[in-house]
Every structure is written in C-alpha cells, then in structure tokens.
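Trainee: Sequence and predicted structure, then a few things I'm wondering about:
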Amino acid sequence: MEIEIFTLCDYATDNGGKLTIVGTFDNVTTPTLPVQQMIGIAIRLRFSEKQTGNHNIELKITDPSKAAVGNMNGTINVPAPVEPLTYTSVNMALNLGLEIKTKGVYKIEFHLNGEFQSGLSFLVR
C-alpha cells in the first residue's frame with residue numbers, strides 16, 4: 001500500500017473516484033478558545049493486486065497534552081484492479097467538527113491493519 005495523499009484541508013469530497021481537496025493547511029489561528037473547528041482529512045491510497053480485500057483503518061487525533069480528541073475506526077474493501085491497471089486507488093474524504101480547547105500542536109495518526117502508516121500535525125495559535 002502506498003499513500004498518495006494524506007492532508008488536512010478545509011473540505012474534501014470524493015466525486016466518483018476524483019478526490020477534491022479545498023484549502024490544505026497546517027495552522028489554525030483563533031482569537032478565542034474553546035472553538036469548534038471544521039477540518040477535512042483527505043486520503044488517497046494505492047493498493048497492489050496482492051492487497052485486495054478488507055483492511056482495517058484507524059485515525060487517532062490527539063491534542064498538545066497527547067489526550068485523545070478523536071478516534072475513527074472502519075473497514076475498507078479494496079477491489080481487484082480494473083484491467084489494464086495493476087493497482088486500485090481508494091479515496092477517503094472526512095469532514096469533521098473538532099473541538100479545540102488549547103493552543104499547541106495537534107497530531108493525527110493513520111493506521112492500517114493495526115500498523116502506523118503516516119502522521120500529520122497542525123499548530124493552533
């Protein structure tokens with residue numbers, strides 16, 4: 001499995017296999033706390049023919065004190081590639097309302113089948 005895209009954004013959507021990403025960022029500036037912040041997470045994965053089938057995914061979001069502020073679990077079914085391709089791409093577009101209580105660095109971890117794959121962070125000031 002290869003991660004083609006893993007980014008924070010203002011909004012993401014999957015339109016029939018086309019991943020649309022609006023306003024990618026890594027900083028949030030807010031004059032007051034707490035604040036309800038809308039964030040998008042756009043993910044595009046590429047699987048080889050040998051990796052077809054079900055895969056467990058998990059996103060873990062932590063605040064600057066490393067306390068969990070979000071945890072999402074799910075399963076994706078990766079179909080066999082359409083000929084003549086030798087891979088299958090899977091898009092995920094998540095749009096969340098995240099309550100931000102403190103300033104500092106928030107982290108997002110992406111796990112596939114229980115193994116860490118990649119991470120993102122964003123700074124709240």
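Mentor: Good, I have the coordinates.
Trainee: ok, and the closest non-adjacent residue to L123?
Mentor: In space, and not counting its chain neighbours, L123 is closest to N27: 5.1 Å by C-beta to C-beta, 6 or more residues apart in numbering. For every residue, glycine as well, the C-beta is placed using N, CA and C.
Trainee: Number of residues surrounding the one you found?
Mentor: Counted by other C-beta atoms under 10 Å, the residues lying close to N27 total 9.
Trainee: residues in contact with it?
Mentor: N27 makes contact with F122, L123, V124, R125, according to C-beta atoms under 8 Å, 6 or more residues apart in numbering.
Trainee: next one: T7
Mentor: Under the criterion of C-beta under 8 Å, 6+ apart, the contact list for T7 reads I21, T24, I41, A42, L120.
Trainee: nearest spatial neighbour of the last one, skipping sequence neighbours?
Mentor: Computed as C-beta to C-beta, 6+ apart, the closest residue to L120 that is not its neighbour in sequence is I108, at 4.5 Å.
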